[in-house]
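>>> Dropping a prediction and its sequence here:
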Amino acid sequence: MIKNRPLEILEVQFCKLIRYWSLPDIKTKLRNRLEAGENDEDAFVGVLGKDQPGRVRCYGASITRSSLKKDEEIHHIKVEYNAHVSSLEKKMDGVCGLLKVLVHQINPGMSDEEVAALMQAAQNSSLDTSSSRAKNTPCSSESTHIPHKDDGSGQNNFARNG
């Protein structure tokens, strides 16, 4: 029976509980309550009595109902968080797969290893904290600006044509 002990119950306490349940009077009381149709918890409370205020039976001295509820809420939040992270990882895998296809379409001669290296480099590049642009990446207006040529007359072509 000790091998079926719930991990949150101390072994010493569980052994005492088993010895208590083994007493003939307690066995009879518990059996009668269960045969009368009471659920396990009601039968348990009927035999052992209600918990003392602020205590939860079989969990040790430091566990309270509110700490059990808090632990349950934390567990629920962790499960939701892990499900959300898993969902985001699946979406990210899809985006990465699509990106690889696009890179191959733009550069048909690029090998899978080169594409993987390019993707790894993109993932490892540090981002500027003030924007989503990589550090030292020029603004779009800087990278596409083509200055007017000076034809030597001192006026630019725009001024003459305008």
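Received the coordinates, thanks.
>>> Tell me the secondary structure of residue 51, please.
Assigned state for residue 51: coil (three-state reduction, DSSP: H, G, I helix; E, B strand; the rest coil).
>>> Leaving out chain neighbours, which residue sits closest to it?
Spatial nearest neighbour of residue 51, excluding adjacent residues (Cβ to Cβ, 6 or more residues apart in numbering): residue 57 at 5.0 Å. All C-beta spots, glycine's among them, are computed from the backbone N, C-alpha and C.
>>> Checking my notes, the one you found in a strand, right?
No - assigned with three-state DSSP, residue 57 falls outside any strand and is coil.
>>> Let me know the secondary structure of residue 63.
Quick answer, by three-state DSSP: residue 63 is coil.
>>> can you tell me which residues contact the closest residue to it other than its chain neighbours?
Spatially, and ignoring its direct neighbours in sequence, residue 63 is nearest to residue 56 (5.3 Å; Cβ to Cβ, 6+ apart). When contacts are counted by Cβ atoms under 8 Å, 6 or more residues apart in numbering, residue 56 touches 63-65, 68.
>>> and if you look at residue 112?
Taking Cβ under 8 Å, 6+ apart as the definition, residue 112 has no contacts.
>>> Distance check, it against residue 74.
For residue 112, the distance to residue 74 (Cβ to Cβ, to the nearest Å) stands at 43 Å.
>>> And residue 87, by the same measure?
For residue 87 relative to residue 74 (Cβ to Cβ), the value is 20 Å.
>>> where does the chain dip in pLDDT?
Confidence mapping of the chain against pLDDT under 70 gives the ranges 126-162.
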